[in-house]
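Engineer: Sequence first, then the predicted structure, then my questions.
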Amino acid sequence: MTHQEILKKVEWKDLKNLTFKEMLIENNLTIPWFVISITLAYFGYYLLALPFSAFFFLTGLRQVHNGFHNSLGTNKFLTWFTVYSNSILLMVSIHAVKFNHIRHHKYCLSDEDYEGKSAKMKWYEAILYGPIHMFLIHKVTFELGNKNYIKNMILELCSIAIFVFIAFYFKIDFLIYHICIMIFAEFLMAFFAVWTVHHDTEENPEMARTQRGKWKNKITFSMFYHLEHHLFPAVPTIKLPELAMRIDKILPEIEKKNTF
């Protein structure tokens, strides 16, 4: 069954719309995790802060990912500000990530898909490839992106550099902790955000892997409904569980490879 046939069979356009409550959730999901992690780090409880830092990173990824697809329910400026501010906190130019992610949807797992390169690797190769992955998404954006992408990337990288300089120059330990953990997490993106959801799917790239475990989806904030996302990228993350139920009901024959 082709992508277009699936789009026609499954009702999904109503899922694009967010209620006011859903919009608040999507735009503020990162705040409690960031506040708790940074507070624990401030008082020197770095080990206790780690899981909250991980949840902040994951929810930050969810937030900007929705921003890429204009699914936050906010206007153009607020969506831009979400992407910009998360660039500083996540230690990467999110506009560079966005540029490569949009190309990933267009050229999924082809030679033009720089984001998806690690999907064809072995799992340990994808982990080792992480730092190269982070370098390449900036390089590719600089080489192929339009003026707006390049301008935003430079602004974000300069803002990150200022943030890092302040933290290290004034020896602000809890900020140094945050910076180090976020960089480490970014180095794992080629594995967690690409390999886990796309490995062994080259024959039909749009049919990415997905996750149906209730608790696994809860602790990963629904970020591994990747089959659903690739088929219906305009649907906000908060609506993906409902979308998954509709797909299972209307098209039970679709093969669903597990993410983990």
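Structural biologist: Looks like it arrived, so ask away. Residues are numbered from 1 along each chain as shown.

Engineer: number of nearby residues for the closest residue to residue 18 other than its chain neighbours?
Structural biologist: Nearest residue to residue 18, sequence neighbours excluded (C-beta to C-beta, 6 or more residues apart in numbering): residue 73, at 4.0 Å. Just so you know, the C-beta spots here come from the backbone N, C-alpha and C atoms, and that holds for glycine as well. Using other C-beta atoms under 10 Å, residue 73 is surrounded by 21 other residues.

Engineer: Looks to me like residue 73 is in a helix.
Structural biologist: No - counting by DSSP: H, G, I helix; E, B strand; the rest coil, residue 73 falls outside a helix, being coil.

Engineer: I'd assumed residue 25 was in contact with it.
Structural biologist: No - Residue 73 is beyond contact range of residue 25, at 10.0 Å (criterion: C-beta atoms under 8 Å).

Engineer: quick one: low-confidence parts of the stretch 1-150 of the chain?
Structural biologist: Within the stretch 1-150 of the chain, the segments meeting pLDDT under 70 span 1.

Engineer: now the helices for it?
Structural biologist: Assigned by DSSP state H, counting those that start in this stretch, the stretch 1-150 of the chain shows helices spanning 3-9, 20-28, 31-42, 46-68, 76-90, 94-106, 123-128, 130-144, 147-169.

Engineer: Mind putting those into CSV with distance to residue 216?
Structural biologist: Formatted as CSV, the helices of the stretch 1-150 of the chain follow (distance: least, C-beta to C-beta, whole Å):
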stretch, distance to residue 216
helix 3-9, 24
helix 20-28, 20
helix 31-42, 18
helix 46-68, 13
helix 76-90, 23
helix 94-106, 23
helix 123-128, 18
helix 130-144, 23
helix 147-169, 32
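
Engineer: can you redo these as a markdown table with distance to residue 254 and mean neighbour count?
Structural biologist: Formatted as a markdown table, the helices of the stretch 1-150 of the chain follow (distance: least, C-beta to C-beta, whole Å; neighbours: other C-beta atoms under 10 Å):
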| stretch | distance to residue 254 | mean neighbour count |
| --- | --- | --- |
| helix 3-9 | 8 | 12 |
| helix 20-28 | 26 | 14 |
| helix 31-42 | 33 | 17 |
| helix 46-68 | 23 | 20 |
| helix 76-90 | 31 | 17 |
| helix 94-106 | 19 | 22 |
| helix 123-128 | 25 | 15 |
| helix 130-144 | 29 | 17 |
| helix 147-169 | 34 | 15 |
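
Engineer: so which of the ones you listed comes closest to residue 217?
Structural biologist: helix 46-68 (12.0 Å; C-beta to C-beta).

Engineer: Mind giving me the packing neighbours of the closest one?
Structural biologist: helix 20-28, helix 31-42, helix 76-90, helix 94-106, helix 173-187 (3 or more C-beta pairs under 8 Å, 6 or more residues apart in numbering; DSSP states H and E).

Engineer: Run the chain-centre distance for it.
Structural biologist: 10 Å (C-alpha atoms, centre = their mean, to the nearest Å).

Engineer: just stretch 117-130 next, same as before
Structural biologist: Per C-alpha atoms, centre = their mean, the centroid offset for stretch 117-130 relative to its chain is 17 Å.

Engineer: can you check stretch 176-185 too?
Structural biologist: For stretch 176-185 - counting by C-alpha atoms, centre = their mean - the centre lies 17 Å from the chain centre.

Engineer: same question, stretch 233-244
Structural biologist: Using C-alpha atoms, centre = their mean, the offset of stretch 233-244 from its chain centre is 14 Å.

Engineer: ditto for stretch 86-104
Structural biologist: With C-alpha atoms, centre = their mean, you get 9 Å for stretch 86-104.

Engineer: How about residues contacting that stretch?
Structural biologist: Residues outside stretch 86-104 that contact it (C-beta atoms under 8 Å, 6 or more residues apart in numbering) are 30, 34, 56-57, 60-61, 63-65, 67-68, 83-84, 112-116, 134, 137-138, 140-141, 144-145, 149, 152-153, 156-157, 159-160, 163, 178-179, 182-183, 185-186.

Engineer: before we move on, what about stretch 146-158?
Structural biologist: The contact list for stretch 146-158 (C-beta under 8 Å, 6+ apart) reads 80, 83-84, 87-88, 93-96, 98-99, 138, 141-142, 145.
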